[in-house]
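Peer 1: just coords:
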């Protein structure tokens, strides 16, 4: 009942492509060392538990790292339930299949410094508590949301759920400060719980809240972040029609959270210049 | 900007496995002739339109049929957006990738005759109007729902949406007769609009309704159907805990709809024996 781990293509009958029946992780790697690795493994384990198939042993998941270049790279691990089963019904003894891609990487340092413009997306995320928080392979909602704009000036799009609550950005988590308190959306109904978010929740006092997007209009600072790109201060928020909703100047509050988030990623912690 | 169509494996960077960024069709083939083919093509075209990539020309989609065996087979067509793009953002000029599997098939004739036992699933479908009705590759909800039971006596599981409305079974559509009227759930928020369902809606007077699952308790007859299996009369409905909710005896009502549905599939239209 071994796990396949090789850099080959996906067989035609793999359930990953048939149903999106699997998980992935996108890991920042510095000089061959995977960052926030424990958090990535923990989320992958939660995903395997939720989908009901075994996680490969850790040394198989880490095997691609031997080929990592010097400097920064991104390791994308994809783990599917493998082949088999009758239609949607999973096989009784699944043989998960692991594949990976390892690519050199350079973060967009200008976004760290100057911040980013974001917009609200029209698409709303369906509620699915059984999959909430997981980085599974059913990502059509993210693809459709990301396809709502092509203006390179807009770095990210914010997503609400079908009941209107703010959830996340298309590939980043969102954080804000209100009356001096840090907050981020609760992700028990939908959304992906990023590993950087998990790290920040452990190290800082951040409240997980149910909030509507209007909360951002009264926020003192808003950030987007993930474990690959680090943290971007938000300097401008647009509505779904492209209309300006609010601007922020980057201040000490922005730089403080950014520094704390950049520490475990080995990114610069002093960006005021 | 051609479409690849070959029986090879999926490349590692295909968006079908990365994000479930694609569509599929499962077509009943009799002596090399695809049944309900126009309906399958129409749904695939709607899917391509919704996801924003071009549909291959029809002769490419039909190419696998030259290898079809005599008798019954199932053709599974899988069409993805192909490779490329930056993360979730689709490439500007996608090159969709087509793959297929062709397998001999034999329907379960005992289910036509004796009917089936079904149960309610615990999992609820998230609302996603942007994808409703389409047969896309994001099918984890169906996989998880189908994994709720392993008792071979239970043929299918019924799914409700996150607001409690009845939608479909895990891989079939559901129909019922109430006060002499045929009804089926409206599929504008979630669910897959089966090609057999489309065919029946065109040929018969069937109301598409928003209904809660209790509607079945007062129904005179309930059926499940799809374009591969044909139509199964439901003889017993269980709750999520396995408790009996209702039984039905198969009568003339059941056989009438079954006969109309089986006609375009070339399946038996007289099953009373």
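Peer 2: Cool, got the structure. The shown structure was predicted, so the numbers you read here are calculated from the model rather than taken from an experiment. Residues are numbered from 1 along each chain as shown, chains lettered A, B, ... in the order given.

Peer 1: and the closest residue to chain B within the stretch 51-200 of chain A, what pLDDT?
Peer 2: Nearest residue of the stretch 51-200 of chain A to chain B (C-beta to the nearest C-beta) works out as residue A:126 at 2.5 Å. (Each C-beta comes from the backbone N, C-alpha and C, glycine too.) At residue A:126, the model reports a pLDDT of 98.

Peer 1: Quick check: phi and psi at the residue of chain A positioned farthest from its centre.
Peer 2: In chain A, counting by C-alpha atoms, centre = their mean, residue A:86 sits farthest out from the average C-alpha position, at 31.7 Å. Note on residue A:86: backbone dihedrals following degrees, to the nearest 10 are phi -110, psi 100.

Peer 1: List the beta-bridge partners for it.
Peer 2: residue A:89 (DSSP bridges).

Peer 1: Distance of it relative to residue B:146?
Peer 2: Distance, residue A:86 to residue B:146, using C-beta to C-beta, to the nearest Å: 9 Å.

Peer 1: ditto for residue A:204
Peer 2: Distance from residue A:204 to residue B:146, by C-beta to C-beta: 41 Å.

Peer 1: How is chain A divided into domains?
Peer 2: A:4-104, A:109-265 (automatic domain parsing).

Peer 1: Present those as TSV; the columns should include distance to residue B:23.
Peer 2: Output for the domains of chain A, formatted as TSV (distance: least, C-beta to C-beta, whole Å):
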stretch	distance to residue B:23
domain A:4-104	12
domain A:109-265	10
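
Peer 1: which non-adjacent residue is nearest residue A:114?
Peer 2: residue A:235 (7.3 Å; C-beta to C-beta, 6 or more residues apart in numbering or on different chains).

Peer 1: Assign that neighbour to helix, strand or coil.
Peer 2: Secondary structure, DSSP: H, G, I helix; E, B strand; the rest coil: residue A:235 is strand.

Peer 1: okay, now it: neighbour count?
Peer 2: 19 (other C-beta atoms under 10 Å in any protein chain shown).

Peer 1: in chain A, which helix or strand is least confident?
Peer 2: strand A:4-5 (a mean of 38; mean pLDDT, DSSP states H and E).

Peer 1: Quick check: what element follows that strand along the chain?
Peer 2: For strand A:4-5, the succeeding helix or strand toward the C-terminus, using DSSP states H and E, is helix A:15-19.

Peer 1: Go through the helix or strand following that following helix and flag the buried ones.
Peer 2: Toward the C-terminus, helix A:15-19 is succeeded by strand A:22-30 as the next helix or strand (DSSP H and E). Using 16 or more other C-beta atoms under 10 Å in any protein chain shown as the burial criterion, the residues of strand A:22-30 that qualify are A:22-30.

Peer 1: got it, and stretch A:230-246?
Peer 2: Of all the residues in stretch A:230-246, those buried under the rule 16+ other C-beta under 10 Å are A:230-238, A:245.

Peer 1: now the residues you listed as JSON lines including pLDDT?
Peer 2: Output for the buried residues of stretch A:230-246, formatted as JSON lines (pLDDT from 0 to 100):
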{"residue": "A:230", "pLDDT": "98"}
{"residue": "A:231", "pLDDT": "98"}
{"residue": "A:232", "pLDDT": "98"}
{"residue": "A:233", "pLDDT": "98"}
{"residue": "A:234", "pLDDT": "98"}
{"residue": "A:235", "pLDDT": "98"}
{"residue": "A:236", "pLDDT": "98"}
{"residue": "A:237", "pLDDT": "98"}
{"residue": "A:238", "pLDDT": "98"}
{"residue": "A:245", "pLDDT": "98"}
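
Peer 1: gap between the closest residue to residue A:195 other than its chain neighbours and chain B?
Peer 2: The shortest distance from residue A:195 to any non-neighbouring residue, by C-beta to C-beta, 6+ apart, is to residue A:39 (3.8 Å). The gap separating residue A:39 from chain B is 20 Å, by C-beta to the nearest C-beta, to the nearest Å.

Peer 1: And residue A:39, which helix or strand is it part of?
Peer 2: helix A:37-51.

Peer 1: to the chain's geometric centre, what's the distance from that helix?
Peer 2: Helix A:37-51 sits 13 Å away from the centroid of its parent chain (C-alpha atoms, centre = their mean, to the nearest Å).

Peer 1: Up against chain B, what does the stretch 101-250 of chain A have?
Peer 2: A:101, A:123-128, A:130-131, A:136-147, A:162, A:170-171, A:190 (C-beta under 8 Å from any C-beta of the partner chain).
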